[in-house]
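1. Give me a 3D structure for the following:
(2 chains)
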Number of protein chains: 2
Amino acid sequence: MRAAVLRDGRIAFRDDVPDPAPGPGQVLVAVRSCGICGSDLHFAAHGAEVLSLTDQMSNGIGSGMTVDLGRDVFMGHEFSAEILEAGPGTDTYPAGTLVTSIPLLISGNSVEPIVYSNHTLGGYAERMLLSVPLLLRIPNGLDPRHAALTEPMAVGLHAVNKSGVQPGETALVLGCGPIGIAVVAALRARGVENVVAADFSPKRRELATTMGAHQALDPAQGSPFDTVTPAVVFEAVGVPGIIDDVMRRAGHGTRLVVVGVCMQSDTVHPFFAIAKEINVQFVLAYAVEEFADSLREIAEGGIDVTPIITGDVGLEEVGAAFDDLADPERHCKILVTP
Amino acid sequence: MRAAVLRDGRIAFRDDVPDPAPGPGQVLVAVRSCGICGSDLHFAAHGAEVLSLTDQMSNGIGSGMTVDLGRDVFMGHEFSAEILEAGPGTDTYPAGTLVTSIPLLISGNSVEPIVYSNHTLGGYAERMLLSVPLLLRIPNGLDPRHAALTEPMAVGLHAVNKSGVQPGETALVLGCGPIGIAVVAALRARGVENVVAADFSPKRRELATTMGAHQALDPAQGSPFDTVTPAVVFEAVGVPGIIDDVMRRAGHGTRLVVVGVCMQSDTVHPFFAIAKEINVQFVLAYAVEEFADSLREIAEGGIDVTPIITGDVGLEEVGAAFDDLADPERHCKILVTP
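-> Okay, here's the model as predicted:
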C-alpha cells in the first residue's frame, strides 16, 4: 500500500508498504484524514536531538522510545479512519464505521505511541491498526476531515483544563499556530471573557479572532504585556526565550502554561519568577476523557474547526506540505487524505 | 549609635549613625537579635546585579527598589526587638515589650521593605523603627534570639503552604542551608511522613535530621532521585543547574517549589518538564499570617530552632560573620546581638 515516511530527514513516498494484520483487540482501518502536526516537522528536522533528550530522562512518558532514524519512520498521529476488519476474536463497530482514537496501539501487554515508529504505522498511510478499547465513533454526519482535528484540539483543551482558568480571568495566548489556536478555541468554549492572542503573522491573528480571541495583538508593535495583564499565559510558541520574557514581563502570581514544545535548551532568570511567585505548569497531550470531550465539542458545533484547515493533500504530496507549513501566512493545518 | 553597614561590597562598622525618630504609627525599638540571611551575603557580593535584575522587571514586588551602592546600605531583616518609645499620637505596647515584625516600614502612605536601604535602618543596628500595625508581641518567655528566627522559618512555612504537600507524600528538600532547614522543619510540623533532605555537607545533613528529616542524603554518593521518588521537590540551593537537573530526573507530575533564590541566569530543557508535566512554583517570602504562624510555632515548641543557631556576634563582628558563613561545616545561622 501507499504511505509517506520519514527517511534521512525528508518525507519520502512509498507504494510498497505491507498491509498490517490486526491482532486480537485491534482493527485494520482505512485512514480517511490525517493532520500534519508541527511536532512532526520538528521531528523530521531534529529527530536525533529529540531521541537524545528522551534518553536523558531517567523516567517519564518518553522512556523506551526506540526509533532507528537510519530506517524509514512512520508518522501521523492526528487521524480519522474507517473500520475495515477486526483482528481474531475481536468485536468492534461494523466495517464502514468512522472512528478516531488517541494515538496509542495496544499489542498484548504492551502499548506503543502511534507517533514515530519503524514498525507501527501512523496516519500518513492508506491503512493502519487501531485498538478497539480506544476507539471513538465519529458522530453521524461529522466530516472525517474535521474529526482529524480532535487530537490537536484536545491538546488545547488539556492545557486549558490544567490552567484552572476562570471565566472572569484574562488569558493571553502567545503563538497562534495550531496549538495556540486550539487553546484559544478551548478558552472561548470555556466561557473565558477576555481571550487575547498574539502572533507576528497577520493571517494567524485573523484566524485567532475567527476562532474566538477577543483581541489579537502583533508583538512587533510592542509586548502584549504592555496591553494586557493576564492572569494566565499560554506559551504556544515553543522557541527559546519566550518563557524568560514572560517571567520578566508578567505580573505577580501569573500562571504560565507551557504547551509549546521547545526542544532546545532555554535560558531563564529564576529571579524574575521568584520575585513574582510565578507558577509554571508544563503540559503535554491530554487524558482519554479530554480526547473524547474534544471530539464531542467539534461534533456538536461548540468549536468549528473549518477555518483551521488551510490545505488538503494526498500521500504523494506530504513532503511538499511539510515545506509549505513553514509559512504561517499560507498555512495552519494541512490534512492528508490517503 | 552603632551599626554594621554595607560599604563597597564589605561590611563596615559605624558608631556615628544618628538615631531614627519614630513618626506617627511607628515605634523606636532596641534590636535584641538579628539573623544574618544568605540573601544579605549575596547582596553584599552582587548588589549591582540584584538591582539591575529588579529594574528589568516591568512590574512586581521589586519595582521601586532604589538603593545607591555608592553610599552606606543598612541591612538586617530577621530581627526581634524591645519597644523603647512610640511616635507622636501613637498607641502601642508598653516600653520594654518584646516584639517582632515582618520587615516593612510604613511611613504615611508609603511602605518600604526593611531589607536594603540607604536610609531605613535594619536589624544590624542598635535601634531601628518598626510599624505599630505590623508588630507581633513575642510570647512570654520566648528567647528573643529564637524569635529572630521567625522570618526565615516563615519562608519555609510559606513554601510548604504553596506546595500543597499532603502528609502521605514524599518531599525532597535540595539544600540544607537556613531556608532548606526551614522547609524541613515546616514539612515535619505539617505531618509529612517522608521528608528527605540532601546536602553535600555532613554537618548540614546532621542538622536536617535533627530538624525533622527522615533521611538525609549526600548528593556526592548519587542523585537523590536514585533513592527516592518525591511528589514534591523543594529547590533550596539557588545555584544554576539545579532546576534542570530536577526536571531531568524527577518523575511524572512532580511539583517543584523553587525557594532558593538563584540570581544568575539558568539553563533549562523545557522538553524534560513538558514530557513529565512538571509544575514549577516559584515562591518568595510569606504572608503576614504565615509570619504570625511561624512565631507561634516557635513559641509553642512545635519547631525548636535552637540547633539552627551556630553563632552569636556583636555589631563589630558582622563583617567577620559574613565571611564565616561561607563554610557550611561551621555555620548555619549567626545571630547579631547589638
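2. gap between the residue minimising distance to the centre of chain A and A:Glu289?
-> In chain A, the residue lying closest to the centroid (Cα atoms, centre = their mean) is A:Pro152, at 3.5 Å. From A:Pro152 across to A:Glu289, the span is 17 Å (Cβ to Cβ, to the nearest Å). For the C-beta atoms, the positions are set from N, CA and C on the backbone; glycine is no exception.
3. Check A:Gly122 too.
-> 23 Å.
4. Compare neighbour counts for those two and give me the winner.
-> A:Gly122 (26 against 11; other Cβ atoms under 10 Å in any protein chain shown).
5. For A:Pro270, which non-adjacent residue is spatially closest?
-> Using Cβ to Cβ, 6 or more residues apart in numbering or on different chains and skipping the chain neighbours, the partner closest in space to A:Pro270 is B:Cys262 (4.3 Å).
6. Counting neighbours, what do you get for that neighbour?
-> B:Cys262, neighbours per other Cβ under 10 Å, totals 22.
7. I'd like to check which residues are in contact with it.
-> A:Pro270, A:Phe271, A:Ile274, B:Gly238, B:Val239, B:Pro240, B:Ile242, B:Ile243 (Cβ atoms under 8 Å, 6 or more residues apart in numbering or on different chains).
8. Give me the buried entries from those residues.
-> A:Pro270, A:Phe271, A:Ile274, B:Gly238, B:Pro240, B:Ile242, B:Ile243 (16 or more other Cβ atoms under 10 Å in any protein chain shown).
9. from what I can see the fourth one touches B:Phe282, true?
-> No. With contact defined as Cβ atoms under 8 Å, B:Gly238 does not reach B:Phe282; the gap is 11.6 Å.
10. returning to what we had before: tell me if I am right that the residue nearest to the centre of chain A is in a helix.
-> Yes. Assigned with DSSP: H, G, I helix; E, B strand; the rest coil, A:Pro152 falls within a helix.
11. if I look at it, how far off is A:Leu325?
-> On the measure of Cβ to Cβ, A:Pro152 and A:Leu325 end up 13 Å apart.
12. where does the nearest residue to A:Gly108 once chain neighbours are set aside land in three-state SS?
-> With sequence-adjacent residues excluded and distances taken as Cβ to Cβ, 6+ apart, A:Gly108 is closest to A:Gly23, at 7.5 Å. Taken by three-state DSSP, the conformation at A:Gly23 corresponds to coil.
13. For A:Gly23, which residues are in contact?
-> A:Gly87, A:Pro88, A:Ser107, A:Gly108, A:Leu129.
14. The second one contacts A:Ala21, correct?
-> I take that to be A:Pro88. No. Between A:Pro88 and A:Ala21 there is no contact under Cβ under 8 Å: 9.6 Å.
15. Among the contacts of B:Cys262, which one sits closest to B:Thr170?
-> Lowest distance from B:Thr170 to those (Cβ to Cβ) belongs to B:Ile242, with 18.4 Å.
16. what sits against that closest one?
-> B:Leu174, B:Gly175, B:Glu235, B:Gly260, B:Cys262.
17. Export these to CSV and append columns for pLDDT and secondary structure.
-> Shown next, in CSV, are the contacts of B:Ile242 (pLDDT from 0 to 100; DSSP: H, G, I helix; E, B strand; the rest coil):
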residue, pLDDT, secondary structure
B:Leu174, 98, strand
B:Gly175, 97, coil
B:Glu235, 97, strand
B:Gly260, 87, coil
B:Cys262, 83, coil
